[in-house]
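>>> need coordinates for the following:
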Amino acid sequence: MPFRPPHVASAGARSAVLVGRRAELATLRAAVAAPPSLVLVEGEAGIGKSRLVAEAFAAPDLAGTRRLVGQCELLQEPLPLSPLLDAFRLAGPDLALSPPSNPVIGALAALLPEIAEHLPAPPPALADQMAERHRVFRAAVALLDHLSPLVLVLEDVHWADGGTQDFLAFLAAYQPTELSVVLTVRSGAGPLPIREAFARAPAGPARSISLAPLSLPEVAQFASGILRADVPAAFATSLYEKTGGIPFVVEEVLRTLPEHLPAGEIPGRPDALADLAVPTVLRDVLLQRLAALDHEAQEILRAAAVIGMTPDEKILAEVAGHGPAEVAAALAQAQAAGLLHEHDGGCRFRHRLAWQIVYESVATPSRRWLHLKTARALQATAGPRPVARLAHHFRLAGSAVEFVTNAEAAADTALAHGNDATAARFLLQALQSGEPAGEVRVRLAVKLGKAAVDGLAHTQAVPILERLLATEPLPAHLRGELRFALGRLLRQHGEARAGYLQIEDAVHDLADRPGLLGRALAVLAAPDTVVDRHFSQHAVRCDQAEEAARRSGERDVHVAVRITRASLLLEQGDPASWRLIDDLLRDDALRSVPREHARACLNWAQAALHIGQLRRAEALLDEGRRTVHQAEYLRVAEVVEFLTAAVDHAAGRWQGLAERLHGLHPALESPPQGTLHFAAASFDTQLLRGTVLAATGPAREATASLEDVIALAGRAGAVWPLISARATLSRLLLTSGDAGGAASTATAALVDVRAKGNWVWGAESVLCLVDALDATGRADEASSLVDELAGRLADADAPIARAALLSARAVLLRAQGSQRQAERVLEAARDRLAEAGLRYQEATVVERLGRWRCERGAADGGRMLQDALRAYGGFGADHDVARICRVMRNNGVPIPYPWRGGRPSHGQVLSSREHEVALLAADGRTNQEIAGDLFLSRRTVESHVASVLRKLGCRSRKELQAMMRRLPADLGQDVVRLGRG
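Below is the predicted model:
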């Protein structure tokens, strides 16, 4: 789904589309369109009753229907017939055009002085008050009949005065044939006197339309309509839990968020909902409902809020100090007021905000006392000790010692069930409480280090572990364990080098703990972490890890080391890696630990992509995905998404790829100044995003994205994205005509390659440097480098590196005048990539081969260029399409439709190319700069700009800039319907 930047609706605005009410809306429209009819629209406060009625009359077939609307008010002494009389006052203009003749209608004149001049003269007063009231009722029915066809809408009839209720019962018995009556009623507000009369109406029983809260998908759709942005599942879930699916509450929450968060960040920040203050309007409404309860019910409900969202009635009776009957009566009152609702046979706060409002209404000293009473009551219950709830209540009661004890127990329970995030949260709270000291504090910190890696609490855990290491005198084995934990957290935090150094420092301290030592050494053996550790050093660490695993006798440590060994071999393209991987995948020792199994598959899938083993990567990703799902291993969900996108990119499945990448790891787009809060997956995602942009354009955005990766990965010391990003940037600079910049960037990548010692990763950089030197007539300078690459690759089974080596050799051969031999070598590179299924890389080699053959006059050169063009077009690689079209024009090769130009004028519709030009022009780019970005001539750009201005009705670039700013950013790349007004 394409991403749409948010635009938060202004105060008073609402979703433009009615969500989740299709059946109810159809029922209401059908009833109104077939008078005489009676309709009751029912639901709790804020559920959207009035919105449904308003939406019904927005339909074209009902938009012209005459209707009168009256509003019942919550008054201590409501005026008799007030909502009906308010509705009649709206009929003044109609009555002026067609005054009623029925004399009984004159009985309303004294009640409606504003329109009395349009009514018959008042009849003489009657001595009998009941008779006078009956005549007024007859007069009202007669006036409704005179105004018919008509729809009478009365809102909030649960607040109607007795006279209005009696009139509605009278109206049901004597309803005019062309009158429809629609009443909105709050459910749970007590018995409605008119129900029996409406059920026995001569025209047929009233139709009842009950509105339920929105479901989770409907809340997502509703929020998207208000924010005008696609809402991620995490945000929608948090919003649903916060609001209970009540539209009014959803709207109020979404109106409040922009006060605390920039509009563009709202959909991606579900955490913002957790600490959100209750919207003022909603607070006032719910506090009013709370105040309407009697004093005893208020006390009990406040105690219920301290207990939680779903208070246990037995615990509540003990905490509140009231009997079961009093508690039941209080909960019934609260349910009638809309503060609670029935849930699984008990009572639950209507939504989290209702709970929050009642909870915050409890004075702080009383709140602490109630939390303590709740904890004591929970301790006295039979069955397993509810340590998580006890920790919560003791913490808020201020009982630090009891809180830490229960928090640690709750963390242990969570870890045992694989819920690392919850465990990390309890441990963080315990360590931040200030209570634990000495061994207890270290023990908690060690547990936190283990939980936080998978629990995503590394941002908060890192400073705690750093402080402990700096201030506590620790024995060696504990110091080593803390350093190992800190190192893993720093790596997860995105600080690859700092984490690696911490783990190196831990090795000596862990000498007497071979199991933990084996795991630490296995991490140090992983090759894709730091820049300045050679592959030979990683191999030594792997040997040391195997020895430590042997000493430990722990099977899981031995498996972890074998996983690392397989990764180390795989990244070098060593065929032996596949034998080891296949053995491990069949080993029950790995399969019995789902998380380790999932991590191994995902790591190997990524390594397979690094070297170009696409089919193996796909198979490993599939197995990893299944294991992640079965183990509910949520932490790696984004890794699975990234690898899925990376596999699709390698396989040439680019449809929607850019939009998918945009939703992954958005934090990398705007990192906090001076910080590195990004895991390796974030770097990889940004690298893939830049790689896609390099092919699809604009070149300026691709360059910026790749430069960001280089800067951030360089600061973090993460070697893999650094080398690959520099190679990709080098290629982009070369295709943009900057051979010097391309050579410099490729040379920087090769410095990292030499330091790392893995030339499989460096082959693309070698090819980029050879091409850059060839562009300046110095290809011969790279001869020794290509020979070195060939020697370093040896027997590596790495299709990308092998194809790059063949291509580099072909460039050298061509520079030496061996044109046909160069083409044969290049054909071998093409075939290797085709066999590997790497369609995009294959297309680039076909383009090069076609260009070379065109330049020497070979007959099949043009066909090859056309094949490459079609491949690029299928990928949506507009940047490559623009470049190859220029090559084809230069060589006199016909450009097939739709790339040859000459499209229909599109009327007021921008073509794909015009849309691209419009965006760049609106961004302040000159015609010359646009021409460079899109590989077009300046004259062609001038023509496109003129066409854009004409189609959009803009007189200048300044007007174009203003218009493009107002347009959604997800306008289609194929056709874009635009126009002034």
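>>> contacts only, for Ala790.
805, 809 (CB atoms under 8 Å, 6 or more residues apart in numbering). Where C-beta positions appear, they are placed from N, C-alpha and C, glycine not excepted.
>>> quick check: it is in a strand.
No: Ala790: not assigned to a strand; according to DSSP: H, G, I helix; E, B strand; the rest coil it is helix.
>>> report pLDDT for it.
Predicted confidence (pLDDT) for Ala790: 95.
>>> measure it to Leu257 for me?
Applying CB to CB, to the nearest Å, the value for Ala790 to Leu257 is 59 Å.
>>> do the same with Gly861
Separation of Gly861 from Leu257 (CB to CB) stands at 58 Å.
>>> just Lys242 next, same as before
Applying CB to CB, the value for Lys242 to Leu257 is 11 Å.
>>> what of Ala229?
The spacing between Ala229 and Leu257, counted by CB to CB, is 12 Å.
>>> for the stretch 151-300 of the chain, give me the ranges with low pLDDT.
Low-confidence segments of the stretch 151-300 of the chain (pLDDT under 70): 188-190, 259-272, 274-277.
>>> can you give me the strands in it?
Ranges of strands in the stretch 151-300 of the chain, per DSSP state E, counting those that start in this stretch, are 179-186, 207-210.
>>> helices along the stretch 751-900 of the chain, start to end?
Remark: helices assigned in the stretch 751-900 of the chain by DSSP state H, counting those that start in this stretch are 759-775, 783-793, 799-815, 819-836, 839-855, 861-875, 878-890.
>>> my bad, the stretch 1-150 of the chain
Under DSSP H, counting those that start in this stretch, the stretch 1-150 of the chain gives helices at 22-32, 49-56, 82-89, 92-97, 129-147.
>>> out of those, nearest to Asp583?
helix 22-32 (56.2 Å; CB to CB).
>>> buried ones in that closest one, by neighbour count?
Buried positions in helix 22-32, judged by neighbour count with 16 or more other CB atoms under 10 Å: 24-25, 27-29, 31-32.
>>> which of those sits closest to Glu360?
Using CB to CB, Glu24 comes nearest to Glu360 of the buried residues of helix 22-32, at 34.3 Å.
>>> contacting residues for the closest one?
So Glu24 contacts 52, 209, 211 (CB under 8 Å, 6+ apart).
>>> now distance to Gly892 and neighbour count too, for these, in TSV please.
As requested, the contacts of Glu24 are arranged in TSV below (distance: CB to CB, whole Å; neighbours: other CB atoms under 10 Å):
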residue	distance to Gly892	neighbour count
Leu52	66	21
Ile209	71	22
Leu211	69	21
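>>> and which of those is nearest Asp738?
Nearest to Asp738 out of the contacts of Glu24 is Leu52 (CB to CB; 61.2 Å).
>>> list the contacts for the closest one?
The contact partners of Leu52, taken as CB under 8 Å, 6+ apart, are 18, 21, 24-25, 28, 41, 209, 211.
>>> at 10 Å instead, please
18, 21, 24-25, 27-28, 41, 43, 182, 184, 209, 211 (CB atoms under 10 Å, 6 or more residues apart in numbering).
>>> most widely separated two among those?
Greatest spatial distance in these: Leu18 and Val182, 16.1 Å, computed using CB to CB.
>>> which of the two has more neighbours?
Between Leu18 and Val182, counted using other CB atoms under 10 Å, the more crowded position is Val182 (27 against 20).
>>> was I right to think that one contacts Glu42?
No: counting by CB atoms under 10 Å, Val182 stays clear of Glu42, with 11.7 Å between them.
>>> which neighbours do the two share?
Common contact partners of Val182 and Glu42 (CB under 10 Å, 6+ apart): 49, 209.
>>> and the gap between the residue nearest the centre of the chain and Pro217?
The chain has Pro232 as the residue nearest its centroid, 3.0 Å off, counting by CA atoms, centre = their mean. To Pro217, Pro232 is 13 Å away according to CB to CB.
>>> try Gly714
From Gly714 over to Pro217 the distance is 43 Å, taken as CB to CB.
>>> one more: Ala169?
Noted for Ala169: a distance of 41 Å to Pro217, by CB to CB.
>>> neighbour-wise, which of these two wins?
Legend: neighbour count by other CB under 10 Å for Ala169 and Pro217, higher for Ala169 (18 against 13).
>>> that one reaches Phe198, doesn't it?
Yes: between Ala169 and Phe198 a contact is recorded at 8.0 Å, counting by CB under 10 Å.
>>> thinking again about what came up before, Ala229 and Leu257: which is more packed in?
Ala229 (23 against 20).
>>> now that we're looking at the more buried one, how far away is Arg51 from it?
21 Å.
>>> can you list the buried residues in stretch 278-289?
When neighbours are counted by 16+ other CB under 10 Å, the buried residues of stretch 278-289 are found to be 278-279, 282-283, 285-286, 289.
>>> repeat that for stretch 517-524.
By neighbour count with 16+ other CB under 10 Å, stretch 517-524 contains the buried residues 517-524.
>>> restricted to helices, list those residues.
Among these, the members found in helices (DSSP state H) are 517-524.
>>> out of those residues, which is nearest to Ala470?
Ala520 (20.2 Å).
>>> what sits closest to that closest one if chain neighbours are left out?
Nearest residue to Ala520 in three dimensions, chain neighbours excluded: Phe484, at 4.9 Å (CB to CB, 6 or more residues apart in numbering).
>>> what's the answer for His146, then?
Computed as CB to CB, 6+ apart, the closest residue to His146 that is not its neighbour in sequence is Pro100, at 4.3 Å.
>>> now do the phi/psi pair for the one you found.
Phi and psi for Pro100, reported as degrees, to the nearest 10, are phi -70, psi 150.
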